[in-house]
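Engineer: Okay, here's the prediction I keep looking at, along with the sequence it came from:
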Amino acid sequence: MTAVSSPPNPVTFTTPPFTQYQLDGAYDELFEDNGLPRGQYQALYNRLLELPPEELHRRQQAADVSFLHQGITFTVYGREEGTERIFPYDLLPRILTNAEWKTVEKGLTQRITALNKFLRDVYHDGQILADGVVPKDLVYSCKHYRREMRGIQVPRDIYVSVVGTDLVRLDDGSFAVLEDNLRVPSGVSYMLANRQVMKRVFPHLFGNYGVRSIDHYGQAILSTLRSLAPVNRSADPTIVLLTPGVYNSAYFEHTFLAQLMGIELVEGRDLLVHNNVVYMRTTAGLRQVDVIYRRIDDDFIDPLAFRPDSILGVPGLFNAYRAGNVALGNAIGTGVADDKAIYAYVPAIIRYYLNEDPILPNVETYLLDDKAQRNYVIDRLDQLVVKAVGESGGYGMLIGPHSTAAEREKFKELIQANPRNYIAQPTLNLSRAPCFINGQVEARHVDLRPYILYGKRVTIVPGGLTRVALKRGSLVVNSSQGGGSKDTWVLYE
Amino acid sequence: MLSRVADSLYWMSRYLERAENAARLIDVHLNLRLDQSPKLSGSRWVRLAASLQTPLPSTGDHNDDFKMVDWLTFDFSNTNSIVSCIGAARENARHVREQISSEMWEHLNQLHLSVKQADSEVIWLSQPHQFLQSVKDGAYFFQGITDSTMNHGEGWHFIQIGRYIERARLIACLLDIHFTTFHQKPDYVIGSDDYLEWVGLLQGCAAFESYRKVYTADVTPIRVAEFLLLNTELPHSVCFAIDRLQDALNGYAEATETRKVGRVYRTLGRLRAALDFDQIDEIIAGGLHNYLLDLQEQCAQIHEALYKMCIDYPIETALTA
């Protein structure tokens, strides 16, 4: 899994729109090594050969206009003009077979089950720490570990109910986990919106393909949240979605989900706490709130318990939570389990709690706390990827092969100053999928973020968000860093 | 419904009504200009700005037709310009987009995007009428879409409340400025110079065609005042707006089975009764200017009472209730 590029592939494509398509060492989603399309892509491939490029172009424009008019945008921070952008959408679907999906589904279910047990353990008895499977100091030094959560009983022992896990495909075509997002994962609205647009733009192709539906996501997340309601309020709980507000980059998603579930979208200023009970302020007076799907980070959720300068949160919310009068999805302090250093221990965590081998492997990870591993990494900064353990969204990252000497020097200093804060991984050759770019079909690197719901049962809608690094050769798929997305199809058997 | 949501729906609706009103008045004004002496152009713009309750541009260019159109229509630094009002309506909608239908949001968002991108000089030189018409149409479509796609529940009633309170206020203000300018003496008779101004007033309330059906083409100040103030069938009369406002408030109270509508009802009921029973001769004899000022003041009181009741209420009272 190291970044050795394979010899140039002799396969070249001569028929439009594939003349710009190149195979390299990375796994190609569309073509086999011999240049023939994989089975699940055959019908799409045939259709692309038939359609004139202008027609594809017209459909791409129709899709873009649809996103703009629907206001499916995200906010770019720090700019006056044009702060709302559409999230670039690529016309061509990424297609997975049902067999591929089944492995992913099993692997993710196993992983989220183990991670929930791990969180329960860490915030109660700490058995796994006492047994030395995960080092104590790694947990207690984690930026997202919340001492305040010690001994608190959360509903059904579910800490993480809404998850988005980032998967990558390795050179041999198998999936591996790159990152767990256990705090406030985003992007699910794009998965759903992409599908709606896809059905509008390619109705016949889509209809003939036999694609598994994702439309039940709204109901699934609602019942997941409902399962968290306090027992005495579980008959007809009031569920709300707490957003930081209209200026948050994911605001569109918050409105989308609230509408999808038919629940109120609230801001901190709409809520108040009295006698450890949370109320929202309505036109007909105050109404008790039972479950909060919060899209605000731990730090900002309650100025009395966490950051006192937060004006987004609700004063007293944490006490109401501790008293069991309100449930939060996700729980507070779940970030300890998606810390990138803890990540390295997830296979061990799975074995410890479930006594099973991990179905989805991890990516090889170097912990820089360890002197030998640190020295190894520092000598190879030009080949590896270095990440800050508590960051997400592609921030705080060094991609060795694409870095300058000055950047590497800076990271070397950062690592030496605070080794616990960084990990390193091999530069992965993310798999590549066909994308419609400038009138041609070209290959771009992609990852996959399926969305997992954990309530009374585990629900994973088939597919997820396929994120695309739209710049040629780029490996960064994050929307904040010039990435886009495409619809992901899981086929019926 | 969340108080904040009610607040946003209410203001979304008010701003859109305001934009529609401005588009109509500017359009009428540009049309009248063609038939009138260019010397009076400046004073007419000043009057139009006052009817829209918009300050004049600080550059003092109120003799320049293009600059005034630009200021009243396209200038984002004027918070009452058409583009600002539509922007504000859209921003309020964005805060509650999960509460309104997707169709409503998409339409308003498109309207906002299209006026925001408009190039004022190009439009001025080509077809200002078409642009203003597109704003009016945008507002009409939005109302149609709202009526057809949103539940006629609490939120819908708040949209109606905002729309009609704004309308009543705008017509009262427009009438006031017009009568103060042209109807200074009781024995005033419309002369040929002024005739177009009175037609313009009616057109500004989308009322000229209906006026002729009711009173024939004989335009007199008393009839115009009666029509725009007291007619119960004209959509842009004060009386009509207050009627609808009362309907909307009743609808809201029913939808929420709410208590404590007392003060709003009292103020609104009094206003409604006055409009039902007052005669136009008496109103004019008693001073139309004061009557219209009082009307605007009562609209403001209704707004405040409504806010005290369901949006900005003190927490202590809500907890003990």
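Structural biologist: Thanks, I have the structure now.

Engineer: Mind giving me the packing neighbours of the lengthiest helix in chain B?
Structural biologist: Determined from DSSP state H, the single longest helix within chain B is helix B:3-33. Judged by 3 or more C-beta pairs under 8 Å, 6 or more residues apart in numbering or on different chains; DSSP states H and E, the packing partners of helix B:3-33 are strand A:277-282, helix B:41-51, helix B:65-69, helix B:82-95, helix B:128-149, helix B:154-182, helix B:192-204. Bear in mind the C-beta positions are built from the backbone N, C-alpha and C, glycine included.

Engineer: Does the first one reach chain B?
Structural biologist: Yes. Applying C-beta under 8 Å from any C-beta of the partner chain, one finds strand A:277-282 touching chain B at A:280-282.

Engineer: ok, now how distant is the nearest residue to A:P135 once chain neighbours are set aside from A:R472?
Structural biologist: Leaving aside its chain neighbours, A:P135 sits nearest to A:L129 (7.6 Å; criterion: C-beta to C-beta, 6 or more residues apart in numbering or on different chains). From A:L129 over to A:R472 the distance is 46 Å, taken as C-beta to C-beta, to the nearest Å.

Engineer: the more surrounded of those two?
Structural biologist: Counting neighbours by other C-beta atoms under 10 Å in any protein chain shown for A:L129 and for A:R472 shows that A:L129 has the greater number, 17 against 12.

Engineer: what residues are up against the more buried one?
Structural biologist: Residues near A:L129 by C-beta atoms under 8 Å, 6 or more residues apart in numbering or on different chains: A:121-122, A:135-136, A:139.

Engineer: and it, what helix or strand is that in?
Structural biologist: Secondary structure assignment for A:L129, by DSSP states H and E: helix A:127-130.

Engineer: could I have that helix exported to CSV, CA atoms only?
Structural biologist: Extracted C-alpha coordinates of helix A:127-130, given in CSV (Å, rounded to 0.1, in the frame of the first residue of the first chain):
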residue,chain,number,x,y,z
GLN,A,127,-12.0,-1.9,31.1
ILE,A,128,-10.3,-1.7,27.8
LEU,A,129,-7.8,0.8,29.2
ALA,A,130,-7.2,-1.4,32.3
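
Engineer: circling back to that earlier point, mind giving me the ChimeraX select for the contacts of A:L129, buried ones only?
Structural biologist: Applying 16 or more other C-beta atoms under 10 Å in any protein chain shown to these, the buried members can be selected in ChimeraX as follows:
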select /A:121,122,139
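
Engineer: from the contacts of A:L129, which ones fall inside helices?
Structural biologist: Secondary structure from DSSP H places A:121-122, A:136, A:139 of those in helices.

Engineer: can you tell me how far the closest residue to A:K106 other than its chain neighbours sits from A:R111?
Structural biologist: Leaving aside its sequence neighbours, A:K106 sits nearest to A:I359 (C-beta to C-beta, 6+ apart; 5.3 Å). For A:I359, the distance to A:R111 (C-beta to C-beta) stands at 8 Å.

Engineer: which non-adjacent residue is nearest B:N21?
Structural biologist: Distances taken as C-beta to C-beta, 6+ apart place B:L170 nearest to B:N21, at 4.9 Å, with adjacent residues excluded.
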